[in-house]
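1. Kindly return the folded structure for what I paste below:
(one chain, ligands or ions: 2)
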Amino acid sequence: MPSIRPLSQSLINKIAAGEVIERPASVLKELMENALDAGATRIDVSVADGGLALVRVADNGAGIPADELPLAVAPHATSKLAEADDLARIGTLGFRGEALASIGEVSRLVLRSRTAAGQGGAEIEVVGGAAGPTAPCGCPVGTTAEVHNLFFNTPVRRRFLRTPQTEFGHASEAFTRIALAAPAVHFTLRHNDRQVLDLPAAEAWTERIAAVAGRELAEHLIAVESADGPVRIRGSAAHPSYSRSNNRMQYLFLNGRHIRDHALQHALAEAYRGLLTVGRYAIAFLRIEMPPDMVDVNVHPTKLEVRFQDASRLYSQLLSTLRSKFLTTDLTVRVESAPAEDASAGHDAGRAAQLRQELVDWAKGKMASWPAGSALTPGDLTPDPSPGGRGENVAPGALPWPPELGPSQAPGERRPLELTRLDPGRWAPGEGLCGRPTDQVPPEPGSPATARPLLALQVHNRYLVTESREGVTIIDQHALHERILYEHLRARIAAGGIETQSLLVPEPVDLSPAEAAAALEDRELLARLGLRIEPFGGDTVLVAAFPAMLANMNPAEVLHALLERLVAGRRKPEREDMLDDLLHTIACRAAIKAGDRLSPGEIEALLQERHLVHDAHHCPHGRPTALVFTREELDRQFRRT
Ligand code: ADP
Ligand code: MG
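-> Numbers count the residues shown, from 1 in each chain. Ligands and ions are numbered 1, 2, ... in the order given. Next up is the predicted model:
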């Protein structure tokens, strides 16, 4: 074994740099935090090639005296801490004196600065950890830090970086978090030569939130506030009809610092329990203020995690703040509001319910028109072009409705589902019994509804229970429909693409900067999904064409859902996966939901479609679509064997 040697300073610095600087977004965060600590009121950020080529942060803060520039880039040198006791009451974002040294170690760093008292500016350059001399230069009061060629001397790190687009996504998220933390500061962000964001100083926090997260979301925020002794929580949480498939829109700030905290995120999830469907995450912007000695921020190299003195008390405070607010807020108002008439309320849940109904009707019409066992033919997925959709699709006579079972089965085709033939009359008082409310479906001419066999029992408006050859099958209606739609979509894409409907009036959609960047850079991919978008200026895009099968859904909502997947950061080579991912998203959006009461015809149609699906046993998310209880198992449970 080699003998023990002290590490060289350069190696120590490189190891330290590895902890703090993971990717361009980390550089951007450290530089912006320095600017805020220097009291800047304006911070201009510019990024080239996702930050791989350049990250530049210019501020109008206090500046660094020329003679202190070498110290600023030296490790463990800071103006923010003097003695050990200061560690217990940290009021600045930085304090470890590590960031600039770490950055200089793995890039070419140029630092230019001037104080108000200084005669002129001065600059210093650090290349791979070697600092050059300090030289005079002309510059305004404040500091500009430029980081070129990040990780040029650490190829391992460089290899781990993603595409410039993905790195820019991370960088713009870091930017957004800091911009949210400091609403009174004017921030701008440029990527390559495009101005991505311009956020003038905001008076109210909600103004800043609207600027980064979109006006529409900002209009559906519920303000919350509470105080427990010196601990204050303020901010807003989104109406449950706005949610995400990940928790990245849960912004927590502690004394002006963005943090992640599992316990607090858990409190958030608890508060929304029952208001969001499984797998969805609440959106929230929350600021926690407490005396600095009640929290230790020195537990994580990037200070993303902190340790609260009384974590459980804070947990309870957050949970009760949100819960009591939700209890006094009529969260259901939108669900119950009258549909149809107010067409202006594009986003209200009444309308959403109506749209869903239209979709169910459409799907039902489509399904009915597919002869059982037939292969997919182009055009199957083209919805009725008439705008109303509803009604036309189910016109008796135009389509075989309800679909014929049994006799129309393709000859020789195995019938996977042996369907229960119960006499509906016996079950008349039963709730959720399929086959009973036949009066709600247009009966097929010449086929009295009462003569139809009972196919499945819908329970809790969620599951379909049927008899199968092996025993009893319980089907998750949403999962199955999702799988069916997904398979159809895949077939359509393979056959040349999803039908697109051009919008008469292109619809502008406000996006977050990361979403806008992803949308524009992945236009071609979105186009394959039938979604054509055009740049509109700023972070707004125009939806010019839309997948025909989603014609009844809100373009903004669909675009957000798709971009969420894109922003989640996949590498370019995995485009097919990404496409697949997006198909899942579309299928999930379009499928009937758990909780939708299905008519007998719809149940029949769903069950019939089941055979067309390659993998009817799993929904695209991998959850089972059906559970089978075998007869042997039942016999055993009932001790018949
Ligand atoms: P820390 O922020 O933890 O002190 P850094 O390495 O980020 O460590 O910065 C070192 C020192 O350089 C800071 O303490 C500060 O005095 C000075 N400095 C860095 N950036 C700026 C800036 N933008 N404006 C003024 N001073 C700065
Ligand atoms: Mg710092």
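2. Helix or strand: which one has the closest residue in space to Ile124 that isn't next to it in sequence?
-> Counting by Cβ to Cβ, 6 or more residues apart in numbering, Ile124 lies nearest to Leu69, which is 4.3 Å off, once chain neighbours are set aside. C-betas here are computed from N, CA, C, even on glycine. Secondary structure from DSSP states H and E places Leu69 in helix 69-72.
3. Follow the chain on from the lengthiest strand in the chain and name the next helix or strand.
-> Longest strand of the chain, by residue count under DSSP state E: strand 500-510. Sequence-wise, the next helix or strand downstream of strand 500-510 (DSSP H and E) is helix 513-521.
4. Tell me how many other residues crowd the residue nearest to Ile124.
-> Applying other Cβ atoms under 10 Å, we find 22 residues neighbouring Leu69.
5. ok, now Ala184?
-> For Ala184, the count of nearby residues is 10 (other Cβ under 10 Å).
6. Now it: which helix or strand?
-> Under the criterion DSSP H and E, no helix or strand holds Ala184.
7. name the helices or strands packed onto the helix or strand where Ser324 lies?
-> Take DSSP H and E as the rule and Ser324 turns out to sit in helix 311-327. Counting contacts by 3 or more Cβ pairs under 8 Å, 6 or more residues apart in numbering; DSSP states H and E, helix 311-327 is packed against strand 221-228, strand 231-238, helix 262-271.
8. most packed of the ones you listed?
-> Most buried of the helices and strands packed on helix 311-327, by mean neighbour count (mean count of other Cβ atoms under 10 Å): strand 231-238, with a mean of 20.
9. Check the offset of it from the chain's centre.
-> The chain centre lies 21 Å from the centre of strand 231-238; the measure is Cα atoms, centre = their mean, to the nearest Å.
10. Now Arg260. Nearest residue, chain neighbours left out?
-> Excluding the flanking residues, the one nearest Arg260 by Cβ to Cβ, 6+ apart is Leu304, at 5.3 Å.
11. which residues does that neighbour contact?
-> Residues counted as contacts of Leu304 (Cβ atoms under 8 Å, 6 or more residues apart in numbering) are 258-260.
12. Which among the residues you listed count as buried?
-> 258-259 (16 or more other Cβ atoms under 10 Å).
13. If we only consider the contacts of Leu304, which is nearest to Arg157?
-> Set against Arg157, the nearest of those by Cβ to Cβ is Arg260 (22.2 Å).
14. mind listing what Leu526 touches?
-> Leu526 touches 519, 532-533, 562, counting by Cβ under 8 Å, 6+ apart.
15. C-alpha coordinates for the strand or helix carrying it, CSV please?
-> Leu526 is part of helix 523-528 when elements are defined by DSSP H and E. This file holds the C-alpha atoms of helix 523-528, laid out as CSV (Å, rounded to 0.1, in the frame of the first residue of the first chain):
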residue,chain,number,x,y,z
ARG,A,523,-40.9,21.5,-31.6
GLU,A,524,-40.3,18.7,-34.0
LEU,A,525,-41.0,16.1,-31.4
LEU,A,526,-44.2,17.8,-30.3
ALA,A,527,-45.2,18.1,-34.0
ARG,A,528,-45.0,14.3,-34.3
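16. and the residue in the stretch 401-550 of the chain that ligand 1 sits nearest to, what does it touch?
-> Nearest residue of the stretch 401-550 of the chain to ligand 1: Pro513, at 22.6 Å (Cβ to the nearest ligand atom). Going by Cβ under 8 Å, 6+ apart, Pro513 touches 172, 175-176, 189, 196-197, 212, 539.
17. so of those residues, which ones are in strands?
-> 189, 196-197.
18. any chance of those residues in a markdown table, plus pLDDT and distance to Gln637?
-> Shown next, in a markdown table, are the ones in strands among the contacts of Pro513 (pLDDT from 0 to 100; distance: Cβ to Cβ, whole Å):
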| residue | pLDDT | distance to Gln637 |
| --- | --- | --- |
| Leu189 | 96 | 62 |
| Val196 | 90 | 61 |
| Leu197 | 92 | 61 |
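19. So Thr206 is in contact with Leu221, correct?
-> Yes - look at Thr206 against Leu221 with Cβ atoms under 8 Å: they come within range, at 6.7 Å.
20. can you list residues touching both of these two?
-> Contact criterion Cβ under 8 Å, 6+ apart; residues shared by Thr206 and Leu221: Ser236.
21. how about low-confidence regions in the stretch 251-400 of the chain?
-> Applying pLDDT under 70 to the stretch 251-400 of the chain flags residues 330-400.
22. switch to 50 and redo it
-> 332-349, 351-352, 355-356, 358-359, 362-400 (pLDDT under 50).
23. pretty sure Ile209 is in a strand, no?
-> No - assignment of Ile209 by DSSP: H, G, I helix; E, B strand; the rest coil gives helix, placing it outside any strand.
24. Wait, it touches Leu180, no?
-> Yes - between Ile209 and Leu180 there is a contact at 6.8 Å, judged by Cβ under 8 Å.
25. Looking at the contacts of Leu526, which are in strands?
-> Among the contacts of Leu526, the ones falling in strands (DSSP E) are 532-533.
26. For the contacts of Leu526, name the two members farthest from one another.
-> Arg532 and Leu562 (12.7 Å).
27. Select, out of the helices and strands packed on helix 311-327, the one closest to Arg89.
-> Across the helices and strands packed on helix 311-327, Arg89 has its closest neighbour in strand 231-238 (15.5 Å, Cβ to Cβ).
28. Which strands border that closest one, and is each parallel or antiparallel?
-> Using DSSP bridges, strand 231-238 pairs in its sheet with strand 221-228 (antiparallel), strand 284-289 (antiparallel).
29. any idea which helix or strand carries the nearest residue to Leu583 once chain neighbours are set aside?
-> Leaving aside its sequence neighbours, Leu583 sits nearest to Leu489 (Cβ to Cβ, 6+ apart; 4.8 Å). Assigned by DSSP H and E, Leu489 belongs to helix 477-494.
30. Report the backbone C-alpha coordinates of that helix in CSV.
-> Taking C-alpha atoms only, helix 477-494 is exported to CSV below (Å, rounded to 0.1, in the frame of the first residue of the first chain):
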residue,chain,number,x,y,z
GLN,A,477,-61.2,1.2,-15.7
HIS,A,478,-58.8,4.2,-16.0
ALA,A,479,-55.8,2.0,-16.3
LEU,A,480,-57.4,-0.2,-19.0
HIS,A,481,-58.7,2.7,-21.0
GLU,A,482,-55.3,4.5,-20.7
ARG,A,483,-53.6,1.4,-22.0
ILE,A,484,-56.0,1.1,-24.9
LEU,A,485,-55.6,4.7,-25.9
TYR,A,486,-51.8,4.4,-25.6
GLU,A,487,-51.7,1.3,-27.9
HIS,A,488,-53.8,3.1,-30.5
LEU,A,489,-51.6,6.2,-30.3
ARG,A,490,-48.5,4.1,-30.8
ALA,A,491,-50.1,2.4,-33.8
ARG,A,492,-51.0,5.8,-35.2
ILE,A,493,-47.5,7.1,-34.8
ALA,A,494,-46.0,4.0,-36.4
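31. Can you list the buried residues in that helix?
-> Neighbour counts over helix 477-494 (16+ other Cβ under 10 Å) mark 477-493 as buried.
32. State the mean pLDDT of it.
-> Mean pLDDT, computed over helix 477-494, is 82.
33. of Arg532 and Leu562, who's got more company?
-> More crowded of Arg532 and Leu562, by other Cβ under 10 Å: Leu562, with 23 against 18.
34. Would you agree the more buried one is in contact with Thr585?
-> Yes - using Cβ under 8 Å, Leu562 is in contact with Thr585, at 5.8 Å.
35. quick revisit: the helix holding Leu489 packs against which elements?
-> By 3+ Cβ pairs under 8 Å, 6+ apart, helix 477-494 packs against strand 463-467, helix 575-590, helix 600-609.
36. one more time with 6 Å
-> Other helices and strands packing on helix 477-494, by 3 or more Cβ pairs under 6 Å, 6 or more residues apart in numbering; DSSP states H and E, are helix 575-590.
37. Report the angle between the helix it packs on and helix 477-494.
-> What separates the directions of helix 575-590 and helix 477-494 is an angle of 140 degrees, with axes from the mean of the first three to the mean of the last three Cα atoms, to 10 degrees.
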